[in-house]
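S.K.: no sequence for this one, just the structure:
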């Protein structure tokens, strides 16, 4: 008997395609591409659905087990979520799973027709609870005690006998008195000895010196509820109109067919190459009637760490965590090679196809450095260790001199804070460095919470952050500037950092505290770098920059 072919059903439940159902034959299309643009099997409007990447994610059929299906994210900007869980690797899909393209993006239900037996949810069997046995109390037949009254027998005593008894009683009284005196003396001696012993012990304890250094395990235990996990997503907007900014992609035409797209770049007045950005409101006016143009939202997302510096909810982290638009932008792989765009004879921008643009030509482009653009966080959430509850945070201050920012959460309870210590003028190479945070390469811990909400009974699967300890030493102090009796002035192009020998922390630790061996936060983990051969070093910002951000330091006196 011929097996019935399986079709994939994509039921759109949110977004511009809400209510639509797309049926795709698995036999003809074992890999389904999802994104913006007509080249995808499940395509979305490039203008209406700007949170979706051009090649957002893909669903593939298992080659060894045809009833199994997998979904994986194609390095999309806003991520792919399965049942509200962010997926960073290949994840198995089951019929009825909800896939969301971005945390606030459109979503659809994945289903199969016909639905294989392995995808049908099993009926839950609830075992009957056995009733407790009834306790039976039986009366005990206890025979009654019987007694018979007997007449008392009179006894007599003689005179001699009475005198003998009196003499014996006097002897016993003297002996008892002696024993009592001896016992009292023994008790007094024992009490005095114990009192002396107790005083000696107190004197020994009193002269012990307090412990001044701690192990990494002790430091981690003390600060476990003070180091937090930070999640964020952001987008770039126009400073003038608050509209979202998009990177322009021109179509590559061949025989009147679109064969692909190239990212558009322009040369600014300083001679630097940067991406061509437009808003939805002016891209047609600026680019004419060119057909097939695609727009890619300038946005990003990521995770980091932070630590509580005030009981009222103030948290220190990196500037590139809280305000990612003030750091170099990470382009998608398909953004290069691009094409340089120049004004044509009509004054409109058009691609000069002979002028190719590479990643090296653009370099480290920082969106926030251009006053025409303003970055905003679409979400900035803080989670404490071993907790699944996300708390929204707001930006309070951003350092203008270093990779430091201060954010705040509002909770009804006072928070425990880390101990800060400015060791900038004391720290030496070889000193202990203990970094605590949430590196992205660590395995995710997931928990399932069953909803008690009558109006929304769906269970919720959330990740629970667990902090990681990385130990090492201070390898070098990289001073941003310095003056002494031998030199008049010294400036470092790199900045003011502690170079660390820690190479196991990785991304996600950014913003976490760096402790000394006394358990005091003396720095903020900021970045790491490799030489391409596996050798890695990392850097921390001195804690003095956090303390400056907390106060009102004058720059002009």
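M.R.: Nice, I can see it. These numbers were taken from a predicted model, which means no experiment stands behind them.
S.K.: Can you report phi and psi for residue 181?
M.R.: Note on residue 181: backbone dihedrals following degrees, to the nearest 10 are phi -60, psi -40.
S.K.: what's the spacing between it and residue 187?
M.R.: Distance of residue 181 to residue 187, computed by Cβ to Cβ, to the nearest Å: 11 Å. Any C-beta I mention is one placed from the backbone N, CA and C, and that applies to glycine too.
S.K.: quick one, what contacts residue 467?
M.R.: Neighbour list for residue 467: 220, 224, 227, 229, 385, 436-438 [criterion: Cβ atoms under 8 Å, 6 or more residues apart in numbering].
S.K.: Among those, which ones are in helices?
M.R.: residue 220 (DSSP state H).
S.K.: What about the contacts of residue 467, which one has the most neighbours?
M.R.: Sorting those by how many neighbours each has (other Cβ atoms under 10 Å) puts residue 437 first, at 31 neighbours.
S.K.: I'd guessed that one sits against residue 525; true?
M.R.: Yes - shown here, residue 437 and residue 525 form a contact pair, counting by Cβ atoms under 8 Å, at 6.2 Å.
S.K.: which neighbours do the two share?
M.R.: The contact lists of residue 437 and residue 525 share 305, 505, 509-513, where a contact means Cβ under 8 Å, 6+ apart.
S.K.: Quick check: which ranges of the stretch 151-300 of the chain have low pLDDT?
M.R.: Residues of the stretch 151-300 of the chain that meet the criterion pLDDT under 70 lie in 151-178, 193-210, 284-290.
S.K.: which stretches of it form strands?
M.R.: Here the stretch 151-300 of the chain has its strands, by DSSP state E, counting those that start in this stretch, at 227-238, 246-254, 257-267, 273-275, 277-278, 294-297, 299-308.
S.K.: same thing with the stretch 351-500 of the chain?
M.R.: 373-384, 391-392, 394-398, 405-408, 432-437, 446-449, 460-463, 468-478, 481-482, 490-491, 497-500.
S.K.: would you list every one of the helices in the protein?
M.R.: 159-206, 216-223, 283-287, 319-322, 359-362, 544-550.
S.K.: residues contacting the residue nearest the centre of the chain?
M.R.: Residue closest to the average C-alpha location in the chain (Cα atoms, centre = their mean): residue 229, at 3.5 Å. Remark: with contacts taken as Cβ under 8 Å, 6+ apart, residue 229 is in contact with 303, 305, 382-385, 438, 465, 467.
S.K.: switch to 6 Å and redo it
M.R.: Neighbouring residues of residue 229 by Cβ atoms under 6 Å, 6 or more residues apart in numbering: 383, 438, 465.
S.K.: Output the lowest mean pLDDT helix or strand found in this protein.
M.R.: Using mean pLDDT, DSSP states H and E, the weakest-scoring helix or strand in the chain turns out to be strand 490-491, at a mean of 40.
S.K.: Who does residue 538 form a beta bridge with?
M.R.: Beta-bridge partners of residue 538, counted by DSSP bridges, are residue 500, residue 528.
S.K.: Going forward, count from 7.
M.R.: Understood, numbering begins at 7; the last thing we discussed is residue 544.
S.K.: Pick the one among the contacts of residue 235 closest to residue 482.
M.R.: residue 444 (25.9 Å; Cβ to Cβ).
S.K.: Excluding chain neighbours, give the residue nearest to the closest one in space.
M.R.: residue 235 (4.7 Å; Cβ to Cβ, 6 or more residues apart in numbering).
S.K.: What count of nearby residues applies to residue 65?
M.R.: Neighbour tally, residue 65, other Cβ under 10 Å: 23.
S.K.: Beta-bridge partners for it, please?
M.R.: The partner residues for residue 65, given DSSP bridges, come to residue 38, residue 77.
S.K.: quick one: it and residue 37 touch, right?
M.R.: No - taking contacts as Cβ atoms under 6 Å, residue 65 lies outside contact range of residue 37: 7.4 Å.
S.K.: Tell me how far residue 508 lies from residue 403.
M.R.: Distance from residue 508 to residue 403, by Cβ to Cβ: 27 Å.
S.K.: Name all residues that make contact with residue 65.
M.R.: With contact set as Cβ under 6 Å, 6+ apart, residue 65 has these partners: 38, 75, 77.
S.K.: Recalculate using a threshold of 10 Å.
M.R.: For residue 65, the contact set (Cβ atoms under 10 Å, 6 or more residues apart in numbering) comprises 14, 16, 30, 32, 35-40, 47-48, 75-78, 99, 105, 116.
S.K.: With residue 384 instead?
M.R.: Counting by Cβ under 10 Å, 6+ apart, residue 384 has contacts 57, 84, 108-110, 238-241, 305, 307.
S.K.: Could you check the pLDDT of it?
M.R.: Residue 384 is assigned a predicted lDDT (pLDDT) of 96.
S.K.: Quickly note the distance from residue 268 to residue 81.
M.R.: Distance, residue 268 to residue 81, by Cβ to Cβ: 19 Å.
S.K.: next one: residue 450
M.R.: From residue 450 to residue 81 the distance is 18 Å (Cβ to Cβ).
S.K.: And residue 37, by the same measure?
M.R.: Residue 37 is 17 Å from residue 81, by Cβ to Cβ.
S.K.: Looking at the two, which is more packed in?
M.R.: A side-by-side neighbour count of residue 37 and residue 81, using other Cβ under 10 Å, places residue 81 first with 14 against 11.
S.K.: Please identify the deepest-packed of the strands of the stretch 357-506 of the chain.
M.R.: Mean neighbour count (mean count of other Cβ atoms under 10 Å) peaks for strand 438-443 among the strands of the stretch 357-506 of the chain, with a mean of 25.
S.K.: contacting residues for the closest residue to residue 15 other than its chain neighbours?
M.R.: Closest residue to residue 15 apart from its sequence neighbours, by Cβ to Cβ, 6+ apart: residue 117 at 4.1 Å. Taking Cβ under 10 Å, 6+ apart, we find residue 117 in contact with 13-17, 27, 29, 99-103, 125.
S.K.: does the residue nearest to residue 444 have beta-bridge partners, and which?
M.R.: residue 311, residue 389.
S.K.: One more: residue 477?
M.R.: Beta bridges link residue 477 to residue 440, judged by DSSP bridges.
S.K.: Give me the distance between it and residue 440.
M.R.: From residue 477 across to residue 440, the span is 5 Å (Cβ to Cβ).
S.K.: of all the strands of the stretch 157-306 of the chain, which lies closest to residue 395?
M.R.: Per Cβ to Cβ, nearest to residue 395 of the strands of the stretch 157-306 of the chain: strand 233-244, 11.3 Å.
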